[in-house]
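**Q** Whatever this is, show me its structure:
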Amino acid sequence: MSFDKWFNSQDRLVQIILLIIPFVGWVVELLVRLSVAINKKDAISIIVFILFLAVGWSWILCVIDLIYLLVKGRLLLA
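**A** Reported below is the predicted structural model:
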């Protein structure tokens with residue numbers, strides 16, 4: 001089972017808690033994006049993963065992903 005499928009199978013509250021914790025949220029997002037890039041092997045997933053490595057350490061992307069998770073039920077571009 002890949003990490004993105006595991007993350008998406010968790011309860012919404014668990015997903016939110018994992019994203020709210022500062023360093024843990026960054027690692028979880030990194031692992032989800034890496035898992036998607038490895039499984040899909042398309043250019044967009046790889047580019048999103050590389051961009052997240054470059055600017056994902058900022059809290060702004062984590063907040064955007066948290067809001068998108070609350071609205072849509074998954075991470076943005078993952």
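**Q** In three-state terms, label Leu77 for me.
**A** coil (DSSP: H, G, I helix; E, B strand; the rest coil).
**Q** out of everything not next to it in sequence, what's closest to it?
**A** Val48 (4.8 Å; Cβ to Cβ, 6 or more residues apart in numbering). (C-beta placed from N, C-alpha, C; glycine too.)
**Q** check contacts around that neighbour.
**A** Under the criterion of Cβ atoms under 8 Å, 6 or more residues apart in numbering, the contact list for Val48 reads 33, 36-37, 77-78.
**Q** Just flag the most distant two among those.
**A** Ala37 and Leu77 (10.7 Å; Cβ to Cβ).
**Q** what about these two, which has more around it?
**A** Ala37 (21 against 15; other Cβ atoms under 10 Å).
**Q** Okay, and that one sits in which element?
**A** Per DSSP states H and E: Ala37 is located in helix 22-40.
**Q** Check which helices and strands that helix sits against.
**A** helix 3-9, helix 12-20, helix 43-55, helix 59-72 (3 or more Cβ pairs under 8 Å, 6 or more residues apart in numbering; DSSP states H and E).
**Q** And the pLDDT at the residue nearest to Leu77?
**A** pLDDT recorded at Val48 is 84.
**Q** again, but for Val14
**A** Value for Val14, per-residue pLDDT: 92.
**Q** Next: Lys5.
**A** 90.
**Q** any idea how far it is from Asn39?
**A** Noted for Lys5: a distance of 9 Å to Asn39, by Cβ to Cβ, to the nearest Å.
**Q** Likewise for Leu51?
**A** Leu51 is 18 Å from Asn39, by Cβ to Cβ.
**Q** Next, the contact list for the most centrally placed residue in the chain, please.
**A** Centroid-nearest residue in the chain: Glu29, 3.1 Å away (criterion: Cα atoms, centre = their mean). When the contact criterion is Cβ under 8 Å, 6+ apart, the partners of Glu29 are 19, 52, 56, 61-62, 65, 75, 78.
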